[in-house]
Each structure stands twice: as C-alpha cells, then as structure tokens.
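1. Here's my sequence, what's the structure:
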Amino acid sequence: MLETVIIILSVIIDQITKHIASIRLLSPYDIIPGVIRLHYVKNTGMAFGLLKDQTAFLAAVSVIMTGVMVYALIKYSKECGKLFSVSLSMIAGGAAGNAIDRIIRGFVIDFIDPVFVDFAVFNAADSFITIGSILFIIYLIFYDKTIFRNSGNDIKSS
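-> Down below sits the predicted model:
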C-alpha cells in the first residue's frame, strides 16, 4: 500500500510541477540568484544531453525500468523491508513520470537549474530517482546481507 501511494504521489507531483513550468516559466526565474533558477527546458535526451533525440528508446527504457521496479516491489518488499520498498517506489515513480513525458510530449520537461554548479537542468522525477537511488544504496550497504558475498563466500579482508 505504501509503495503504491509513493509511486502515485511521485507521478502526480512530477506531472503537476512540469505542467506549471510549461505554462508559467516563459523566461528563467531566479529563486536564489546565483544558486538556483527555474528554467523551462525541453529535453529530448537524458541527463547531461546524453542520447539526444532518442525519445522512443528512452521511453521504452523508462517503461521497462518502471516495470522492473514494480516487479521487485511485488516480489521482495515484504522480506526486504520499508527502506527497500520506499527506495524502489521513488525510483519507479520518477521513471514513470519521465516515461509519461516522453510518450505524450516527445520530450521531458526539465526546469530546476542549479546555477551554482555546472550541472544538468532537472525535474521532480529526476529528484525522486536520485533520492530513491541513494536510499537503495544505503539499503544495500547497511541492510542487505548478500551484497558483500561472492559466490556464497564472505569477502575477507587482506
């Protein structure tokens, strides 16, 4: 149940913020000058301009990744716990949000521009994917007892 709520809320928040950006951001708007700016961008690729104009491929990857995350949630969430479930739900929600853009619009709307550093313009879905990925890494390091096993043998220090 929690997983479904997180996925749905992630998609709703992502799509609402993208819609607002598409109708209100006619020109860049500094939230904190020199730090963060809202800037409407049509992204036909992925982060940092990679795979530009590969919308169909990226849409397929987004749909497949969403499916993989949902499958993992259904299969493993009870035995793996809340951190596992929350992290994969955030990743699935973000992937679904970007997939919706690619399928419906033919591009992803990005609008959060961290001008204090040379970084890609991103959106709420990207934030959910990033936070979910960080939480998943924390889960793997601190909670998953199989991550440091090699063919059934514990990794031994030298």
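
2. give the contact list for Ile13.
-> Taking Cβ atoms under 8 Å, 6 or more residues apart in numbering, we find Ile13 in contact with Ala124. For the C-beta atoms, the positions are set from N, CA and C on the backbone; glycine is no exception.

3. Can you tell me the element it falls in?
-> helix 2-24 (DSSP states H and E).

4. What mean pLDDT does that helix get?
-> Mean pLDDT, helix 2-24: 96.

5. So what's the gap between it and the chain middle?
-> Taking Cα atoms, centre = their mean, to the nearest Å, the mean C-alpha location of helix 2-24 is offset from the chain mean by 12 Å.

6. which stretches of this protein have low pLDDT?
-> 47-51, 53, 145-158 (pLDDT under 70).

7. so where's the longest strand in it?
-> strand 36-43 (DSSP state E).

8. If you count contacts, what does the longest helix along the chain end up packed against?
-> Criterion DSSP state H: the longest helix present in the chain is helix 55-80. Applying 3 or more Cβ pairs under 8 Å, 6 or more residues apart in numbering; DSSP states H and E, we find helix 55-80 packed against helix 2-24, helix 82-104.
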